[in-house]
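**Student:** Quick one, structure for this:
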Amino acid sequence: MSFTTEVKDELSRVLPTCSHCDAVQLAALIRIEGTLLMQGSGKSRLEIATDSPQVARFVIKSLHDQFNLKTDLTMRRSVLHKTPNWLIEVPYQPGLLEALEKLGVMNSEGLERGIDPALVKKTCCAEAYLRGVFLGSGFISNPRGDFHFEITVENETLAEDVAQLMRDRGINAKVMHRRNSYIVYLKSGTAITNFLAAVGAHQCALKMESERVLKSVRNDVNRRVNAEIANQAKTIDAAVEQINTIREVLDHVALTDLPLGLQEFIRLRVRYPEATLKELGEHADPPLSKSAIYHRVRRLEQMAQELT
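**Tutor:** Modelled structure (predicted):
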């Protein structure tokens, strides 16, 4: 089961908070999954297609219970993907257009392009609308990989309205145009987790957060390991340069003719070729600070420049 399917399965079992939430969720599903077909003489019928049996069950029950509308259900199977798909047909009948107006799908001028503000006045209803649009066309990638979330809608107005509902809840949603559709998307693991929690997918939100924390820990460990490797590489490069400098000086001056401080540094560096300056200072007798060791390195480098 994909993570998207897990989320939709959990969302389909969320109970309504108030008496309007189911109608609002139905409104969102019809906006995303529905097609209104005109038959002439002012008559029209509605088709709603979904790949989720739970969504199909919810739509049929809601249309029956809330609007007393008759429906027909057909299960189809994709030839390409061999996956089932459910088509809910709502034939023309008295009360259909009135129901669509109440659901904010239609208005006095025709089809509604955005979200009817009356539907989402209450917090619970706004979250029910978001739940509905995700059940309709939402997608979330496997949280073990890159974080990606998107909802596909038909027009820019609806996309911006959906994104604004998310932003009102502190979720930084963005909108982009893709071919003939508009995409509301999230790229942050935290934003996706917040969305799941807001719409009632608490178990999936916990799973998402667990993966996000685990990924964060892994990335932190990798950064520290990479930093340590880089520091070791710098230490080795510096040590090689210092040994080359020592060779240049000793090609011209005997070790015993050098100042005692430089003699001690040369012996330490030869004995501990991979040590940092701080570690060399700790090996000195008596111990020396890193700055004291660095001062001897600079004196040795200046001597090498003067001799060559």
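
**Student:** Kindly list the main-chain dihedrals of the most far-flung residue of the chain relative to its centre?
**Tutor:** Relative to the centre of the chain, the most outlying C-alpha is that of residue 257, 65.7 Å out, by CA atoms, centre = their mean. Dihedral pair for residue 257: phi -90, psi -10, per degrees, to the nearest 10.

**Student:** dump the residue contacts of it.
**Tutor:** Counting by CB atoms under 8 Å, 6 or more residues apart in numbering, residue 257 touches no other residue. All C-beta atoms are positioned from the backbone trio N, CA, C, and that covers glycine.

**Student:** any idea how far residue 181 is from it?
**Tutor:** 82 Å (CB to CB, to the nearest Å).

**Student:** Residue 297: neighbour count?
**Tutor:** The number of residues packed near residue 297 is 19, by other CB atoms under 10 Å.

**Student:** Pull the number of nearby residues for the nearest residue to it once chain neighbours are set aside.
**Tutor:** Using CB to CB, 6 or more residues apart in numbering and skipping residues adjacent in sequence, the residue nearest residue 297 is residue 242, 6.1 Å away. Counted with other CB under 10 Å, the neighbours of residue 242 add up to 21.

**Student:** ok, residue 242 touching residue 272?
**Tutor:** No: counting by CB atoms under 8 Å, residue 272 is not a contact partner of residue 242; they are 11.2 Å apart.

**Student:** Tell me if residue 55 really is in a strand.
**Tutor:** No: using DSSP: H, G, I helix; E, B strand; the rest coil, the assignment for residue 55 is helix, not a strand.

**Student:** residue boundaries of the helices in the stretch 51-200 of the chain?
**Tutor:** Counting by DSSP state H, counting those that start in this stretch, the stretch 51-200 of the chain has helices at residues 53-67, 96-102, 123-137, 156-167, 189-199.

**Student:** Tell me the helices and strands packed up against the lengthiest helix in the chain.
**Tutor:** Longest helix in the chain by number of residues (criterion: DSSP state H): helix 202-250. Here helix 202-250 touches helix 3-11, helix 189-199, helix 260-271, helix 290-307, going by 3 or more CB pairs under 8 Å, 6 or more residues apart in numbering; DSSP states H and E.

**Student:** Need the winner for burial among those helices.
**Tutor:** Highest mean neighbour count of these: helix 189-199, a mean of 22 (counted as mean count of other CB atoms under 10 Å).

**Student:** Convert it to CSV, retaining C-alpha atoms only.
**Tutor:** What follows is helix 189-199, C-alpha atoms only, in CSV (Å, rounded to 0.1, in the frame of the first residue of the first chain):
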residue,chain,number,x,y,z
GLY,A,189,8.2,17.6,5.9
THR,A,190,7.0,19.8,8.7
ALA,A,191,4.3,21.4,6.5
ILE,A,192,3.1,18.0,5.3
THR,A,193,2.9,16.7,8.8
ASN,A,194,0.9,19.8,9.9
PHE,A,195,-1.5,19.3,7.0
LEU,A,196,-2.1,15.6,7.9
ALA,A,197,-2.7,16.5,11.6
ALA,A,198,-5.1,19.4,10.6
VAL,A,199,-7.3,17.1,8.4
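
**Student:** quick check: angle from that helix to helix 123-137?
**Tutor:** With axes from the mean of the first three to the mean of the last three CA atoms, to 10 degrees applied, the angle from helix 189-199 to helix 123-137 works out at 110 degrees.

**Student:** Thanks a lot, see you next time.
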